[in-house]
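Undergrad: Okay, structure incoming, though there's no sequence with it:
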């Protein structure tokens, strides 16, 4: 009998220990809302962590905290993330401000397009999500553009105040410091970049293909070759390339990465990325202007 009691007590201890160690941290399990603690389901844990960083980031801005400072309001605000209508409206406003090009001296029948990916101040060397040496891609991009018929620029576009991928302690894999919010300076394209653009595309994800308007534009104009440039080579540029290559409806399009016009967050990843992309028969990794001209003409 004594052994049975000892066994039961030990089992209860183990059960209590496991329950304790599997409980989320107090900051995630419950969070301040109008000076009250409210429970948060496990499904909300990621949002709750983001909420903590949001409060920290805006700790000296009571107006914003009054606007969406409670957790329920914050959750409702984040529901707007990825809203393509909002993204398109913001990008259209930007496009109207900077203008489109009205004249280009280019062969109008070569059915080629260049994609200039996210060349915004947010990603320049002194930006909040800096890509080392991003400015050095500008001249190569400007030079490459003149050989293409269509000029497409993508813009990383986040909610004006906060996005789920934002953090005050980013890991630069899933989370990043706040950046590329419409109305802020780092949303704008970098000075010196050729501003002759046929189409601006806002993105709700890494890939430009996350916005259906991009695919519609390629098909509408019967574009046959697409050259990718911009930043970052290991994030949005790579995602955009794969988005085209993996889409059966775009299988007629040949895709290239123009290395001089691309910069990477992690240059060590270039070799493995190149190997992966070159496994696609419709892909070409281009290292200089001569190769680019050959790709576009053949």
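TA: On my side now, so go ahead. Quick caveat: nothing in here was measured; it's all calculated off a predicted structure.
Undergrad: ok, the residue nearest to residue 224 when sequence neighbours are not counted - contacts?
TA: Of all residues not flanking residue 224 in the chain, residue 111 sits nearest, at 4.2 Å (CB to CB, 6 or more residues apart in numbering). C-beta: built from backbone N, CA, C; applies to glycine. Neighbour list for residue 111: 149, 221, 222, 223, 224, 225 [criterion: CB atoms under 8 Å, 6 or more residues apart in numbering].
Undergrad: any idea how far residue 252 is from residue 111?
TA: 10 Å (CB to CB, to the nearest Å).
Undergrad: what do the two both touch?
TA: residue 224.
Undergrad: ok, and the closest non-adjacent residue to the residue nearest to the spatial centre of the chain?
TA: Using CA atoms, centre = their mean, the residue of the chain that lies closest to the mean C-alpha position is residue 206, 3.5 Å off. Of all residues not flanking residue 206 in the chain, residue 239 sits nearest, at 3.8 Å (CB to CB, 6+ apart).
Undergrad: C-terminal to whatever helix or strand residue 155 lives in, what's the next element?
TA: If you go by DSSP states H and E, residue 155 is part of strand 150-156. For strand 150-156, the following helix or strand on the C-terminal side (DSSP H and E) is strand 199-203.
Undergrad: quick one: strands adjacent to that following strand?
TA: The pairing partners recorded for strand 199-203 under DSSP bridges are strand 150-156 (parallel).
Undergrad: pLDDT below threshold where in this structure?
TA: 1-42, 102-109 (pLDDT under 70).
Undergrad: could you redo the last one with a cut-off of 80?
TA: 1-44, 99-110, 298 (pLDDT under 80).
Undergrad: just so I have it, where are all the strands in it?
TA: Applying DSSP state E to the chain gives strands spanning 30-33, 36-39, 112-117, 150-156, 199-203, 225-231, 254-263, 283-286.
Undergrad: Please identify which of those is closest to residue 95.
TA: strand 199-203 (4.5 Å; CB to CB).
Undergrad: Tell me what angle that closest one forms with strand 112-117.
TA: Computed by axes from the mean of the first three to the mean of the last three CA atoms, to 10 degrees, the angle separating strand 199-203 from strand 112-117 equals 40 degrees.
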